[in-house]
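Novice: Please find the sequence and the predicted model below.
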Amino acid sequence: MFDTLIGAHELAQRLEEPALAVIDCRFDLARTEWGAEAYAAARIPHARYAHLDRDLSTPASRSGGRHPLPAPAALAERFGRWGIDADTQVVAYDQGAGAYAARLWWLLRWLGHRRAAVLDGGLAAWQAEGLPLEHGAPAPPAARRFSGRADPRLLAGSAEIEQALSAGQLERRELVLIDARGADRFAGQNETLDPVAGHIPGALNHPFADNLGGGRFLQAAALRARYLKTLGGESARSAVCMCGSGVTACHNLLALEIAGLKGARLYAGSWSEWIGDPARPVARGP
């Protein structure tokens, strides 16, 4: 079972296994149909396509941010249509860094499915190894029954963050809020996606790009050292990961899992939900 990462050659050796579902998660926030178009042109053989906005999220809302979580029942039905059941090994990939593939990885975990991994290096790594691509209309997968249930213990909400902030828990690191956005957006600079710039007071910045080296995830020991520094001696179970809309935060959750630091949760609405209430405090600067 692969439950965090899988390499390109490891996936290539398993492509014909019946209990395998490969999901293409390529996406571009600035060109929202680019991923679907790229998938139609060429993809890893047998892959299905997952659109971030339509499949891995529901429509944006003030109370849920830019990428609210899908309803669990609808998500389970979608997984079944993609040929996923309890015995299926799922491999998610995107154009390279894994930010969108990690969102699918986390959604599967949220519904209790641990046989899920991200292709390390994504399609870029697959192509670099000269592995085959599929063109034309894909054959539909045989539908299966996915019966997972959402685990509320994997989530944190705005009310909890507000309460922790007012009680000083972020300052004392009883709750460690880790923001995956780049340092400039965290500081309130160069904000192009959300109408308010900055970060939640007391949050710590750990950009998801720092999980990577040469387009692939760092080794577990290196990730562990970096996150232990961010955690400041606290357990990963005290950590809540966030970003702009709950997508790249999943990259940090995957990195923590690779590092053997388990128990962190997702603030799904993240910054785009937080700023939906103008009464909530905003901080700027590093």
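Specialist: Arrived safely. Numbers count the residues shown, from 1 in each chain.

Novice: Hmm, Ala150 is touching Leu108, no?
Specialist: No. Counting by CB atoms under 8 Å, Ala150 does not reach Leu108; the two are 11.2 Å apart. The C-beta positions use only the backbone N, C-alpha and C, and glycine is treated the same way.

Novice: So which of these two has more stuff around it?
Specialist: Between Ala150 and Leu108, Leu108 has the larger neighbour count (other CB atoms under 10 Å), namely 24 against 18.

Novice: can you count the residues close to Ser238?
Specialist: Number of residues near Ser238 (other CB under 10 Å) recorded here: 17.

Novice: which strands and helices sit next to whichever helix or strand Ile23 is part of?
Specialist: Ile23 belongs to strand 20-24 when assigned by DSSP states H and E. On a contact count with 3 or more CB pairs under 8 Å, 6 or more residues apart in numbering; DSSP states H and E, strand 20-24 meets strand 48-49, strand 89-93.

Novice: angle of it against strand 89-93?
Specialist: Computed with axes from the mean of the first three to the mean of the last three CA atoms, to 10 degrees, the direction of strand 20-24 lies at 20 degrees from that of strand 89-93.

Novice: Mind listing residues that contact strand 20-24?
Specialist: For strand 20-24, contacts defined as CB atoms under 8 Å, 6 or more residues apart in numbering pick out 11, 14-15, 35, 39, 43-50, 82-84, 88-94, 101, 104, 123, 141.

Novice: now it: mean pLDDT?
Specialist: In this model, strand 20-24 has an average pLDDT of 97.

Novice: Ala125 belongs to a helix?
Specialist: Yes. Applying DSSP: H, G, I helix; E, B strand; the rest coil, one finds Ala125 inside a helix.

Novice: surely it meets Leu119?
Specialist: Yes. Judged on CB under 8 Å, Ala125 makes contact with Leu119 at a distance of 6.9 Å.

Novice: Settle it for me: which of those two has more neighbours?
Specialist: Leu119 (29 against 20).

Novice: Which residue is the nearest non-sequential neighbour of the more buried one?
Specialist: Spatial nearest neighbour of Leu119, excluding adjacent residues (CB to CB, 6 or more residues apart in numbering): Tyr93 at 3.7 Å.

Novice: give me the beta-bridge partners of that neighbour?
Specialist: Beta-bridge pairing for Tyr93 (DSSP bridges): Asp24.

Novice: right, and it touches Gln127 too?
Specialist: No. Counting by CB under 8 Å, Tyr93 does not reach Gln127; the two are 11.1 Å apart.

Novice: so how many other residues sit close to the residue nearest to Leu119?
Specialist: Residue neighbour count, defined by other CB under 10 Å, stands at 30 for Tyr93.

Novice: residues touching Ala60, list them.
Specialist: 66-68, 272.

Novice: now do 7 Å
Specialist: Applying CB atoms under 7 Å, 6 or more residues apart in numbering, we find Ala60 in contact with Arg66.

Novice: Next, it: phi, psi?
Specialist: For Ala60, the backbone dihedrals (degrees, to the nearest 10) come out as phi -60, psi 150.

Novice: what does Asn205 give?
Specialist: phi -100, psi 120.

Novice: can you count the residues close to it?
Specialist: 17.

Novice: How about Leu131?
Specialist: 16.

Novice: and the closest residue in space to it that isn't next to it in sequence, backbone torsions?
Specialist: Counting by CB to CB, 6+ apart, Ala12 is the residue found nearest to Leu131 once chain neighbours are left out, at 5.2 Å. Note on Ala12: backbone dihedrals following degrees, to the nearest 10 are phi -60, psi -40.

Novice: ditto for Trp105
Specialist: Dihedral angles for Trp105 - degrees, to the nearest 10 - are phi -50, psi -50.

Novice: Contacts only, for it.
Specialist: Contacts of Trp105 by CB under 7 Å, 6+ apart are 92, 116, 118, 250, 254.

Novice: can you do 8 Å?
Specialist: 92, 116-118, 250, 254 are the contacts of Trp105 under CB under 8 Å, 6+ apart.

Novice: where exactly do the strands run in the stretch 151-286 of the chain?
Specialist: 155-156, 176-179, 204-205, 212-213, 216-217, 239-242, 265-267 (DSSP state E, counting those that start in this stretch).

Novice: nearest to Ile6, of the ones you listed?
Specialist: strand 216-217 (11.2 Å; CB to CB).

Novice: Give me the contacts around the closest one.
Specialist: For strand 216-217, the external contacting residues (CB under 8 Å, 6+ apart) are 5, 98, 120-121, 125, 211, 223, 254-255, 258.
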